[in-house]
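Participant: show me the folded form of this:
(one chain, ligands or ions: 2)
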Amino acid sequence: MRHLPYFCRGEVVKGFGRGSKELGIPTANFSEQVVESFPPDISTGIYYGWASVGNGDVHKMVLSIGWNPFYRNTKKSVETHIIHTFKEDFYGEILSIVIVGYIRPEKNFDSLEALISAIQEDIEEAKRQLDLPEHLKLKEDNFFNLPEGKIGNNR
Ligand code: ADP
Ligand code: MG
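Facilitator: Ligands and ions are numbered 1, 2, ... in the order given. The predicted structure follows:
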C-alpha cells in the first residue's frame with residue numbers, strides 16, 4: 001500500500017455527530033486542515049496503526065478514511081478509534097498517529113448490527129497485526145516522543 005507507514009499529528013475536533021460514541025466506538029476526528037494535508041490519492045477504507053493523545057501512552061488504533069457527508073462527500077474525513085478506554089474526552093488535544101496497514105475498503109451495511117460486528121472484526125484484525133514484530137517497532141518510534149512544552153493545549 002502506497003504512503004504507509006504514514007505519520008500524522010493534529011488537533012482533535014468535534015465530528016459531525018454520527019453517534020459513534022453511542023455505538024461504543026468513539027472516533028477522534030482530525031480537523032479539515034489536517035485531512036487536507038493527507039496525500040490526495042490515499043485510499044478510503046479502514047486502516048490500523050498506533051496512536052497517542054498529548055504525550056500519553058501509545059495505543060493500538062483503527063482508523064477510517066472516508067467521504068465526509070457534511071461536505072456532500074466531496075471531502076474526506078479521517079477518524080481514529082483508539083483501542084483503549086479513556087476516563088475523559090480529549091477534544092482540543094493533539095493526537096499523534098502512525099498508520100501502519102490497510103484492512104479493507106469502505107462498505108455499506110444493511111443494519112447497525114452488521115456495521116458494529118464488522119468494526120469489531122476490524123479491531124481484532126488490528127490487534128493481531130500490530131503484535132507482529134515489524135509493526136510493534138513503530139510503537140517505539142521517536143515520532144511519539146514529543147518534546148516537553150510541545151504538547152498542545154493548555155500545557
Ligand atoms: P464526534 O462526532 O465529535 O467525533 P464521537 O462520538 O465520534 O464524536 O466521539 C469522539 C470523541 O470521543 C473523541 O473526540 C474523544 O474526545 C472521545 N474519545 C473517548 N475515548 C475515545 C477512544 N477510545 N477513541 C477515540 N475517541 C475517544
Ligand atoms: Mg468521531
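Participant: can you tell me what sits against stretch 20-30?
Facilitator: With contacts defined as C-beta atoms under 8 Å, 6 or more residues apart in numbering, stretch 20-30 is touched by 8, 10-15, 53, 64, 77-82, 90, 95, 112, 115-116, 119. (Glycine included, C-beta is placed from N, CA and C.)
Participant: tell me the contacts of Val53?
Facilitator: Taking C-beta under 8 Å, 6+ apart, we find Val53 in contact with Val12, Ala28, Ile82, Phe86, Phe90, Glu93, Ile94, Leu95, Ser96.
Participant: now, among those, which is nearest to ligand 2?
Facilitator: Of all these, ligand 2 sits closest to Ala28, with 6.3 Å by C-beta to the ion.
Participant: which of the contacts of stretch 20-30 are buried? Put it as a PyMOL command.
Facilitator: The PyMOL command for the buried members of the contacts of stretch 20-30 (criterion: 16 or more other C-beta atoms under 10 Å) is given here:
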select buried, resi 8+10+11+12+15+53+64+77+78+79+80+81+82+90+95+119
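Participant: helices - which of the contacts of stretch 20-30 land there?
Facilitator: Cross-referencing the contacts of stretch 20-30 against helices under DSSP state H gives Leu112, Leu115, Ile116, Ile119.
Participant: what sits against the second one?
Facilitator: Taking C-beta under 8 Å, 6+ apart as the definition of contact, the neighbours of Leu115 are Leu23, Phe109.
Participant: separation between it and ligand 2?
Facilitator: Separation of Leu115 from ligand 2 (C-beta to the ion, to the nearest Å): 14 Å.
Participant: ok, so what distance separates that residue from Asp57?
Facilitator: Counting by C-beta to C-beta, to the nearest Å, the gap from Leu115 to Asp57 is 28 Å.
Participant: do the same with the last one
Facilitator: For Ile119, the distance to Asp57 equals 22 Å [C-beta to C-beta].
Participant: again with the first one
Facilitator: As judged by C-beta to C-beta, Leu112 and Asp57 stand 31 Å apart.
Participant: and for the residue nearest to Lys14 when sequence neighbours are not counted, the neighbour number?
Facilitator: In space, and not counting its chain neighbours, Lys14 is closest to Tyr91: 6.4 Å by C-beta to C-beta, 6 or more residues apart in numbering. Tyr91 is flanked by 13 other residues according to other C-beta atoms under 10 Å.
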